[in-house]
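J.: any chance you could fold what I've pasted below:
(one chain, ligands or ions: 2)
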Amino acid sequence: MKIDEINLYKMNMKMKNPFTTSFGTQQERLFILVEVKNEEGISGWGECVTAELPLYIEEFTDSSWLMLEKFLVPLLLKKELDHPDEVHELFRPYKRNHLAKSALDGAVWDLYAKTNGISLAEALGGEKRAIDVGVSLGIKDDIEDLLSEVKEKTEEGYKRIKIKIKPGKDVEVVRQVRERFPDIPLMVDANSAYTLDDIDVLKELDQFNLMMIEQPLTAGDLIDHAKLQKHLETAICLDESIHSYEDARQAIELGSGRIINMKVGRVGGLTEAKKIHDLCQRENIDMWCGGMLESGIGRAHNIAITALANFTLPGDTASSSRYWEKDIIKPEVVAAGGQVQVPDGPGIGYEVDVEELLKHAVEKKQFV
Ligand SMILES: O=C(O)CCC(=O)C1=CC=C[C@@H](O)[C@@H]1C(=O)O
Ligand SMILES: [Mg+2]
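T.: Ligands and ions are numbered 1, 2, ... in the order given. Purely as a prediction, here's the structure:
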């Protein structure tokens, strides 16, 4: 397939509700969509899941826009490719910038699947017809707001509830959730808000039968997580510490955690995500697919990768309606009974609603 045209769209979409984590609050999502077209005019779509500020990772939307425009698009434009795996190799000379790389990687995978008349899930080797999904709840000022959201989402059938914690909003919050909901599958995500000095607080979480404690310590750390895991009954799940196959290999060897939250953007795309999946499958490391408050295009990619067998735990791919008044795909992603059906149409399996997309595009750039 020849990448004949590439379009970048800088998007500004307002989420229904603010989303608060240990490092800040988002409601206006400023991110990038990328479209790659072949000579027949077929489009593949990808999403660069940056935010306006570099709070979760060092990349941010304006930096990724520049990275795409100045370095990555010129490498890919007019290239003849046999397989999407070649994109990862093309981009290798430039360091990191994984969210930007992932957007183009994902768009080429979508185009490849479409031109071969298969679903993206099938192209990746996924066989699930439906995936189990959970939901990630932001930090709330009032515990009653959190408890009512846990009740609402549990009644909607989500297969697990993820709540955010940070110093001062941790043990007591989890205690009250557990007292109200003693049996629900429950996990916490600390977004690197703790250090080994907080080991006593983190050990107190062991009493709540949590599925996992996600990324308690510094982003990128493997050593201290390995030390901490030895003191915890609860599994540590790594998010911001796993940016590549190499990170995953070292984390497994060190015992830094027992679960990996796969975010396709964080690792630089579907090709690397698949490599990490296969490693975790060989090493019996549980995985699930994390979310980055994506639009429907990013959600579609998350559904496709989650169709692979070693995505053994419910991920963050909740319904479009949890985030958006109106998503930019048709149909929207719908979680029913804690499951999302894996589309079997070509590529991502959803139609991109370009008219709706353009309403939120604050900038567009075409490369031909
Ligand atoms: O997309 C979703 O619903 C998951 C959102 C979520 O939990 C996160 C999004 C982006 C970065 C982080 O704040 C956090 C995470 O760490 O998973
Ligand atoms: Mg996380």
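J.: all contacts plus neighbour counts: C-alpha atoms, from now on.
T.: Will do.
J.: avg pLDDT for the helix or strand in which L358 is found?
T.: Element membership for L358, per DSSP states H and E: helix 354-359. Mean pLDDT, helix 354-359: 98.
J.: what's the helix or strand following that helix packed up against?
T.: The first helix or strand that comes after helix 354-359 along the chain, using DSSP H and E, is strand 361-367. Applying 3 or more Cα pairs under 8 Å, 6 or more residues apart in numbering; DSSP states H and E, we find strand 361-367 packed against strand 5-21.
J.: packing partners of the strand it packs on?
T.: Strand 5-21 packs on strand 24-37, strand 361-367, going by 3+ Cα pairs under 8 Å, 6+ apart.
J.: nearest to E253, of those strands?
T.: strand 24-37 (32.4 Å; Cα to Cα).
J.: does I328 touch K359 like I think?
T.: No. The pair I328 / K359 is not scored as a contact, 9.7 Å apart, by Cα atoms under 8 Å.
J.: quick one: average pLDDT of the longest helix that the chain contains?
T.: Secondary structure of the chain per DSSP state H: the longest helix is helix 98-115. The average pLDDT within helix 98-115 is 98.
J.: cool, and stretch 154-165?
T.: Here the average pLDDT along stretch 154-165 is 97.
J.: one more: stretch 13-26?
T.: Stretch 13-26 comes out at a mean pLDDT of 92.
J.: who's in contact with it?
T.: 27-30, 55-56, 137-140, 164-166, 190-191, 193, 322-325, 360 (Cα atoms under 8 Å, 6 or more residues apart in numbering).
J.: contact partners for I305?
T.: Counted by Cα under 8 Å, 6+ apart, I305 has contacts A121, L124, G126, L270, K274, C289.
J.: what helix or strand does it sit in?
T.: If you go by DSSP H and E, I305 is part of helix 296-306.
J.: quick check: next helix or strand after that helix?
T.: Scanning forward in sequence from helix 296-306 by DSSP H and E, the next helix or strand is strand 329-330.
J.: give the next helix or strand downstream of that next one.
T.: By DSSP H and E, the next helix or strand past strand 329-330 is strand 339-341.
J.: who are the packing partners of the following helix or strand past that next one?
T.: Counting by DSSP H and E, the next helix or strand C-terminal to strand 339-341 is strand 351-352. Counting contacts by 3+ Cα pairs under 8 Å, 6+ apart, strand 351-352 packs against strand 329-330.
J.: list the contacts of the strand it packs on.
T.: G296, I297, Y350, E351, V352, D353.
J.: just the buried subset of these, written out for ChimeraX, thanks.
T.: Provided next is the ChimeraX selection string for whichever of those are buried by 16 or more other Cα atoms under 10 Å:
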select :296,297,350,352
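J.: between the contacts of strand 329-330, which is closest to N97?
T.: I297 (19.7 Å).
J.: relative to N284, how far out is the closest one?
T.: Remark: distance between I297 and N284 (Cα to Cα, to the nearest Å) = 30 Å.
J.: just give me the neighbour total for R282.
T.: When counting by other Cα atoms under 10 Å, one arrives at 10 neighbours for R282.
J.: start the count at 15 instead of 1 going forward.
T.: Sounds good: first residue 15 from here, last item R296.
J.: which strand residues bridge the closest residue to D300 other than its chain neighbours?
T.: Leaving aside its chain neighbours, D300 sits nearest to I273 (4.9 Å; criterion: Cα to Cα, 6 or more residues apart in numbering). Under DSSP bridges, the beta-bridge partners of I273 are C251, D300.
J.: take the contacts of I319 and keep only those in strands.
T.: With strands defined by DSSP state E, the entries of the contacts of I319 inside them are C303.
J.: in contact with M15: list those residues for me.
T.: Applying Cα under 8 Å, 6+ apart, the residues near M15 are N52, E94, L95, D96, Y126.
J.: switch the cut-off to 7 Å
T.: By Cα atoms under 7 Å, 6 or more residues apart in numbering, the contact set of M15 is N52, E94, L95, D96.
J.: for the first one, list the residues it contacts.
T.: The one in question is N52. Neighbours of N52 in contact, by Cα under 7 Å, 6+ apart: M15, K16, I17, D18, E19.
J.: and for K379?
T.: Neighbouring residues of K379 by Cα under 7 Å, 6+ apart: N21, L22, Y23.
J.: so what's the residue count around the nearest residue to D292 once chain neighbours are set aside?
T.: Spatial nearest neighbour of D292, excluding adjacent residues (Cα to Cα, 6+ apart): N324 at 7.7 Å. If you count neighbours by other Cα under 10 Å, N324 ends up with 20.
J.: next: E218.
T.: 13.
J.: please report how far it lies from D155.
T.: In terms of Cα to Cα, E218 sits 22 Å off from D155.
J.: what residues does the stretch 15-164 of the chain put near ligand 1?
T.: Counting by Cα under 6 Å from any ligand atom, the residues of the stretch 15-164 of the chain close to ligand 1 are T35, Y70, S150.
J.: quick one, helices of the stretch 65-214 of the chain?
T.: In the stretch 65-214 of the chain, the segments counted as helices under DSSP state H, counting those that start in this stretch are 75-81, 87-90, 99-105, 112-129, 134-138, 157-169, 185-194, 213-218.
J.: most neighbours per residue, which of those?
T.: The highest mean neighbour count among the helices of the stretch 65-214 of the chain, using mean count of other Cα atoms under 10 Å, belongs to helix 112-129: a mean of 28.
J.: give me the distance from that one to the chain's centre.
T.: 15 Å (Cα atoms, centre = their mean, to the nearest Å).
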